[in-house]
Every structure is written in structure tokens, then in C-alpha cells.
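*Asks:* let's see this in three dimensions:
(chains A and B)
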Protein chains: 2
Amino acid sequence: MQLTPESLSSRDRNFRRNFYNTLPGPRGVHLIGTKGHRGTENLGVFSSVVHLGASPALLGFHLRPLTVPRHTYHHLKARGWFTLNTLHPDFLRAAHQTSANYPLGESEFAATGLTPLYSENCPAPYVKESPVRIGLTFEEEHHIAANDTLFIVGRVREVFVPDEAVEDSGHVNHETLQSLTVTGLDTYFRSSAVDRLPYARP
Amino acid sequence: MQLTPESLSSRDRNFRRNFYNTLPGPRGVHLIGTKGHRGTENLGVFSSVVHLGASPALLGFHLRPLTVPRHTYHHLKARGWFTLNTLHPDFLRAAHQTSANYPLGESEFAATGLTPLYSENCPAPYVKESPVRIGLTFEEEHHIAANDTLFIVGRVREVFVPDEAVEDSGHVNHETLQSLTVTGLDTYFRSSAVDRLPYARP
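*Replies:* This is a model prediction of the structure:
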């Protein structure tokens, strides 16, 4: 079928939200951990993490409008650090539950039973249950004028990953790690490798 | 294991590139189609498409440095339109081959055997073989200073998707469509649903 924003305008808001959110297909999903100046720990699910470069190592993610309080944003700006943590089927329900709208003083760790874990350098909490944990510092932000949202750029400062998941080539094997992906805000997927293809030449 | 940019600096460039590129996990992968002013069709693989919002419907993607010619960028700026097309196992090798460095005059469609398809409104070519095809107009661009790259924002203008893949709720079923994901630049995955979870409340 062919759909346009005009033809979709007759459908209800939930249909449109589900449709556009799931349209591009499965994408990465991560828990972002932050800590505020008063020591409040925050954890939220994000499905917009993008690899931006290896030298320096940069990752970006997208944040919804700041018209409601965004604890992740305020904390990462205040402290300068945040963590990215991958999702595994064993704690999917707890991870998804962090997307609930908890008040600022309440830690999503305490509310969901996930375990905060700290390294020597990073003031933001990691998720102990996550197989891959990445500590980043805030690098830059971009205001997306078209819908008043933000794109945040962070610089990788440290990484924790199981030894057996790192291949000799440097590839991190996410099939072994059972890293999840998501479509929209609610449908989670497991990945199985189809093929690894050689560098393409004309 | 714990790794830092400092500890990784002793590893060779390929290891570091593979490591950082695959680190965040599987992500969406798409063919972006564009057409230049002289009629040259261009097609390239991108693994950085992000959903930015449903109202208006916006998608973003990341582009590497413009220090070498980037046909996708030049065409989408010149004509104002581009297309996003999902990947399916049946034409994975052809899709991956579009990442080879073809000269500007040579169409990746002709080189790889994929079929350009045009709609009434969109001057950029779709990939006929792709189950989900999205036509967008250029909306804004952001310069990522940290590594001199670009983040492009596009606005969805039309969508082509198989009827049977759109559920009553609006969810597009990418398991049925066999939409692929990728880690790094070379390892492609199939997705199988683990769970669809209800909207989380505290």
C-alpha cells in the first residue's frame, strides 16, 4: 500500500505513532544511565544510538522535547558523563519498565530491580546486568528545529565487554551476547547472523 | 575485559574500527537512493537511520566526512529528495555491493543489478526489491564538530509497504518482512521477536 502523511491523518494518533516508529525497522536499544548533582541515579531506554566514528570514538543519540523534565539530559549536562548499556532477554522486562514516568527523586534502579555498578572513572552508573557497558562524556548537542528535539554526541571513555565476545578481528559478537533490538517503543527482537561480507570493491 | 581509547591505541586500525563499529550492537540498515541534476542515480548502504518523531514524521541519518565526494549528500541537497529502502536476505549481496567506491558517473543500480523504481512525486529512485520504501525531503543538516561529519534530517513524504505487514495497531511487522540489521560495516542479521511489552507505568 502507498501511504502519505495526508492519507494517514485520518487514522488515530496511536496508529500513526506505532506506524512511523516501527517503519524503518529494528534498531539498537540501550539503557542510558546518569547521575544528578544530588546523587539521584537515573536510567532510561533509548532506541536511537548511532555510531558516529572510531577515531575519536563517538556515539550519538536522540532525545525527545525538553518541554517535560528529561532527567537523562539534565544529569548528563550537569555531570558530563553518561553510560550506554545493552539489553539481554534475561532482564528485558526490568529494562522496559525504566521507560515508565518515575518522579525525579525516584531511581529507576530501585524501581525495577536492576543493579547500579560504578567504575573508578565514571560518575554515572552502569547496569551490572548488561553484557556491554560503555562510559561516555558529553561532547556536543544539536537542536533539531523541525520538532524541537535534541541530538546528543558523546565520546567513548571506557568499555566493559566479556572477553569471549571480542573476536580477533575486533568484532564484538552480539549474537553470542544475545543483544536485543527494538521496533517502535515496545517490540523487542533477538538477532541471528545471516552473513559477514567482505569489503566491497567496484 | 575493560578497554579504553588509550589501551586500544596499541591495536591496529582495523581492530579498532571493527571494535567501535560493532560495539553498540545490531542496528538498522538501509539503502539510500538519490538522483543528481544530470540524472545520475546513486545508491548507498547506511546503518545510522534514526526515528526522530511521528508528528511531523522525521528520520535522521549520519554521513561521513565530506573530504571525499559524497554522492548521496550532493544529490539530496541538489534535488531535495532521497529514499530509504529496507534490506531483505534475497538481495543482501547486491545491497552490500553498493558500498563499493564507484565513480560519480556510474550508477550503483546498474553495477549491482538492483532495480530503480520511481513514484509520481519523488525524483529520487526507490529500490524495487525493498519491501519498505520511504520517500523523504531534506529538512535540515547538523555539522558534528567532533569529527567533521554530518547528521541529516529528512521529512517523510510517502511510504510504500506491503499491506499484510501493517498490523491493525499500526505496527509494521519486520519479522514477516525479514528486514535485516547490521553490526559494523559487514555483519548482517535477521530478527525474531522476543516480546511486545505494554506501555510501562510506575
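
*Asks:* only C-alpha atoms for contact and neighbour calcs from this point on.
*Replies:* Fine.

*Asks:* for the worst-scoring helix or strand of chain A on mean pLDDT, which positions count as buried?
*Replies:* Taking mean pLDDT, DSSP states H and E as the measure, chain A has helix A:71-79 as its least confident helix or strand, at a mean of 92. Residues A:H71, A:T72, A:Y73, A:H74, A:H75, A:L76, A:K77, A:R79 are the ones in helix A:71-79 that count as buried (16 or more other CA atoms under 10 Å in any protein chain shown).

*Asks:* hang on, the first one packs against A:N42?
*Replies:* Spelled out, it's A:H71. Yes - here A:H71 reaches A:N42: they are 6.8 Å apart, a contact under CA atoms under 8 Å.

*Asks:* related to what we said a few turns ago, tabulate the buried residues of helix A:71-79 in CSV, adding columns for distance to chain B.
*Replies:* Putting the buried residues of helix A:71-79 into CSV (distance: CA to the nearest CA, whole Å) gives the following:
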residue, distance to chain B
A:H71, 15
A:T72, 17
A:Y73, 16
A:H74, 20
A:H75, 20
A:L76, 18
A:K77, 17
A:R79, 19
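
*Asks:* and A:N18, backbone torsions?
*Replies:* Phi and psi for A:N18, reported as degrees, to the nearest 10, are phi -60, psi -40.

*Asks:* ditto for A:V45
*Replies:* phi -90, psi 130.

*Asks:* measure it to A:D186 for me?
*Replies:* Separation of A:V45 from A:D186 (CA to CA, to the nearest Å): 11 Å.

*Asks:* between the two, which is the more surrounded one?
*Replies:* Ranked by neighbour count (other CA atoms under 10 Å in any protein chain shown), A:V45 and A:D186 place A:V45 first, with 21 against 17.

*Asks:* who's in contact with the residue lying closest to the more buried one once chain neighbours are set aside?
*Replies:* Leaving aside its sequence neighbours, A:V45 sits nearest to A:L31 (CA to CA, 6 or more residues apart in numbering or on different chains; 4.6 Å). Applying CA atoms under 8 Å, 6 or more residues apart in numbering or on different chains to A:L31 gives the contacts A:L43, A:G44, A:V45, A:F46, A:T83, A:L84, A:N85, A:T86, A:L87, A:A95, A:V127.

*Asks:* closest to A:E164 among the residues you listed?
*Replies:* Nearest to A:E164 among the contacts of A:L31 is A:T86, at 16.2 Å by CA to CA.

*Asks:* who touches both of A:V45 and A:D186?
*Replies:* Residues touching both A:V45 and A:D186 (CA under 8 Å, 6+ apart): A:H96.

*Asks:* so is stretch A:32-41 next to chain B?
*Replies:* No - Stretch A:32-41 lies apart from chain B when judged by CA under 8 Å from any CA of the partner chain; the minimum separation is 12.1 Å.

*Asks:* can you point out the buried residues in that stretch?
*Replies:* Buried residues in stretch A:32-41 (16+ other CA under 10 Å): A:I32, A:G33, A:T34, A:K35, A:G36, A:E41.

*Asks:* and these, which two are the farthest apart?
*Replies:* The widest separation within the buried residues of stretch A:32-41 (CA to CA) is 13.3 Å, between A:I32 and A:G36.

*Asks:* helices along chain A, start to end?
*Replies:* Per DSSP state H, chain A carries helices over the ranges A:5-8, A:13-22, A:71-79, A:92-97, A:108-112.

*Asks:* can you add distance to B:V156 and give the ones you listed back as JSON lines?
*Replies:* Listed next are the helices of chain A as JSON lines, based on distance: least, CA to CA, whole Å:
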{"stretch": "helix A:5-8", "distance to B:V156": "8"}
{"stretch": "helix A:13-22", "distance to B:V156": "9"}
{"stretch": "helix A:71-79", "distance to B:V156": "27"}
{"stretch": "helix A:92-97", "distance to B:V156": "28"}
{"stretch": "helix A:108-112", "distance to B:V156": "34"}
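
*Asks:* tell me which of those helices lies nearest to B:H51.
*Replies:* helix A:13-22 (6.4 Å).

*Asks:* what's in contact with the closest one?
*Replies:* Under CA under 8 Å, 6+ apart, the answer for helix A:13-22 is A:8-9, A:183-185, B:51, B:53-54, B:57, B:166, B:168-173.

*Asks:* try 7 Å this time
*Replies:* Helix A:13-22 has contacts (CA atoms under 7 Å, 6 or more residues apart in numbering or on different chains) with A:L8, A:T183, A:G184, B:H51, B:A54, B:A57, B:S169, B:G170, B:H171, B:V172.

*Asks:* how far off centre is that helix?
*Replies:* Its chain's average C-alpha position is 20 Å from that of helix A:13-22, according to CA atoms, centre = their mean, to the nearest Å.
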